[in-house]
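**Student:** Curious how this folds, go ahead:
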Amino acid sequence: MKTLPTSAKSKENIRRQNLAALLTCVHIERTISRAALVERLGLSKTTISELVTELEEAGLLDRAGNAQSGTAGRPSQLVTASKEPLVLVVNPEIDGINIALVNFAAEIDTTEFIEFETAYSLETTIALIKRNLASYPATVQKRLRGIVFAVPGAVESYTGKLIDAPSLGWRDLDIISALKNELHHKAWVINNARAATISEHLFGAAKGLQNAICLFSGVGGIGGGMVVNGQVLEGSNGVAGEIGKMRLLPENSRSHQSFGELMRRDLIVESLGKSRLSDEQIDALIPNSKDPDVNRAIDSQVAVLQVALETLRDLFDPDAVILGGYLGSLVKSRKQPLLKSLNSKSLKIRGEEFLVPRASELKPMVLIGAAEAAWSGILQDPIKYKKRAKNA
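**Tutor:** Numbers count the residues shown, from 1 in each chain. The predicted structure is shown next:
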């Protein structure tokens, strides 16, 4: 077998690295000028032009008009991530299943929510995915790169197996094999809170922050993730960030109640006189409520949240804490007293930007962040995608 000379290998590696760096930059920024790419990557205009052309021909980038660079001279051409590659993201939750098509430009093309009143199985979920896939025209199916499962449970990073998803009643499941066998698509599995953390880190409120804590709450409980020194923390087995399991309150001499057990979304819903509410509905109802029962429920939950925030603040010293779901609604309703209490016991005074409520954005952040599991291989080595596209 012929091998490339060392110099040729070196050039190939440099080209591969430059393609990956440029594509990652465009993917994260979504739209950026060539002039900004020259400045950001430290490459010549000619090199940037060649790389952009190569990635455009591979179907990963598009041109999007021109923009004035801010200096004298010709406007700089804008480059945007292609919307052509697609991935199907499936997010099973206790009350139903979210199924969405997400494109490479980190946008949700289509989304469907299938509601469930009772527990459902992985087999039922796969049958619904199969039905969903069959509804897409051939042009969409040809663009599909695979399926990402974003689950409310612990996922083993090096095998992709689901360890435990208590809210669903699922345990020890090889979801990747099941999806491949039944649907014949490449598959990935990721924890839903980690997916939301990735999304916030790349595109949302934690973008540009080196250290951040993300706390998310849904009908299935509390989840979270941490950005440490610019990286989403995974741990040795991929299960780091189980903030809901953090022990806060002694229950007796041998056990403690966890943060997830003490945070009770149902208390807020019940205090509002309802049996079921979406995060968006909770977010709309809490600020306008004058009901003493509602305010007592809010205060009791904020007290628990404060203890958790103090612990996380002192352990990780984050730039900000992003709170999704009803946790964001609680913070919005009590932000000033909560900040005052946090600062009264802190080594460093934090400002308004320390607490970032994201109540209604949780679901799309999970879907967009989960898709990154499928895009990571393309971003690391666009040349492989180019070869696959030619053979398709």
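**Student:** Give the buried residues for stretch 225-234.
**Tutor:** Neighbour-count burial for stretch 225-234 flags Gly225, Met226, Val227, Val232 (criterion: 16 or more other Cβ atoms under 10 Å). In this view, the C-beta of every residue, glycine as well, is placed from N, C-alpha and C.
**Student:** Let's see which of the residues you listed end up in strands.
**Tutor:** Gly225, Met226, Val227, Val232 (DSSP state E).
**Student:** State the mean pLDDT of stretch 145-162.
**Tutor:** Mean pLDDT, stretch 145-162: 92.
**Student:** Extract the residue ranges of the protein that are flagged as low pLDDT.
**Tutor:** Residue ranges of the chain with pLDDT under 70: 1-9, 68-73, 250-255, 359-361, 386-392.
**Student:** Let me see the domain layout of it.
**Tutor:** Under the assignment automatic domain parsing, the domains of the chain span 6-81, 86-194+365-373, 206-362.
**Student:** For the longest one, measure first residue to last.
**Tutor:** Between the opening and closing residues of domain 206-362 there is a gap of 14 Å (Cα to Cα, to the nearest Å).
**Student:** Now do it: distance to the chain's middle.
**Tutor:** In terms of Cα atoms, centre = their mean, to the nearest Å, the centre of domain 206-362 is found 17 Å from the chain centre.
**Student:** swap in stretch 151-161?
**Tutor:** Taking the mean of its C-alpha atoms, stretch 151-161 sits 15 Å from the chain's own mean (Cα atoms, centre = their mean).
**Student:** how about that stretch: buried residues?
**Tutor:** For stretch 151-161, the neighbour count (16+ other Cβ under 10 Å) marks Val151, Pro152, Gly153, Ala154, Val155, Ser157, Gly160, Lys161 as buried.
**Student:** how far away is Val304 from Tyr326?
**Tutor:** In this view, Val304 and Tyr326 are 13 Å apart by Cβ to Cβ, to the nearest Å.
**Student:** These two - which one has more neighbours?
**Tutor:** Using other Cβ atoms under 10 Å as the criterion, Val304 and Tyr326 rank with Tyr326 on top: 27 against 18.
**Student:** burial count for Ser278?
**Tutor:** 15.
**Student:** Quick check: it vs Leu128, distance?
**Tutor:** Distance, Ser278 to Leu128, by Cβ to Cβ: 21 Å.
**Student:** Show the backbone phi and psi for Asn132.
**Tutor:** Dihedral pair for Asn132: phi -60, psi -50, per degrees, to the nearest 10.
**Student:** ok, it - contacts?
**Tutor:** For Asn132, the contacting residues are Leu88, Ile99, Glu112, by Cβ atoms under 8 Å, 6 or more residues apart in numbering.
**Student:** Can you select the buried ones among those residues for me in ChimeraX?
**Tutor:** Command for ChimeraX that selects the buried part of those, burial taken from 16+ other Cβ under 10 Å:
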select :88,99
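**Student:** Nearest to Ser167 among the contacts of Asn132?
**Tutor:** Checking the contacts of Asn132 against Ser167 by Cβ to Cβ gives Ile99 as the nearest, at 18.2 Å.
**Student:** Identify the residues contacting the helix or strand where that closest one lies?
**Tutor:** Element membership for Ile99 (DSSP states H and E) is strand 96-103. By Cβ under 8 Å, 6+ apart, the residues outside strand 96-103 that reach it are 82-92, 108-116, 120, 125, 128-129, 132, 136, 140, 363, 366-368, 370-371.
**Student:** Give me the buried subset of those residues.
**Tutor:** Taking 16+ other Cβ under 10 Å as the criterion, what is buried in the contacts of strand 96-103 is 82, 84-92, 120, 125, 128-129, 132, 136, 363, 366-368, 370-371.
**Student:** how about the helices of the stretch 101-250 of the chain, start to end?
**Tutor:** Ranges of helices in the stretch 101-250 of the chain, per DSSP state H, counting those that start in this stretch, are 122-134, 138-143, 175-183, 192-202.
**Student:** Tabulate those helices (CSV), appending distance to Leu41.
**Tutor:** Shown next, in CSV, are the helices of the stretch 101-250 of the chain (distance: least, Cβ to Cβ, whole Å):
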stretch, distance to Leu41
helix 122-134, 38
helix 138-143, 28
helix 175-183, 34
helix 192-202, 18
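**Student:** Most tightly packed of the ones you listed?
**Tutor:** Most buried of the helices of the stretch 101-250 of the chain, by mean neighbour count (mean count of other Cβ atoms under 10 Å): helix 192-202, with a mean of 28.
**Student:** For Ile383, find the nearest of the domains of the chain.
**Tutor:** Closest among those, using Cβ to Cβ: domain 6-81, at 5.7 Å.
**Student:** Check the secondary structure at Thr46 for me.
**Tutor:** Here Thr46 is recorded as helix under DSSP: H, G, I helix; E, B strand; the rest coil.
**Student:** Distance of it relative to Lys384?
**Tutor:** On the measure of Cβ to Cβ, Thr46 and Lys384 end up 25 Å apart.
**Student:** So for the two, which residue has more residues nearby?
**Tutor:** Between Thr46 and Lys384, Lys384 has the larger neighbour count (other Cβ under 10 Å), namely 12 against 9.
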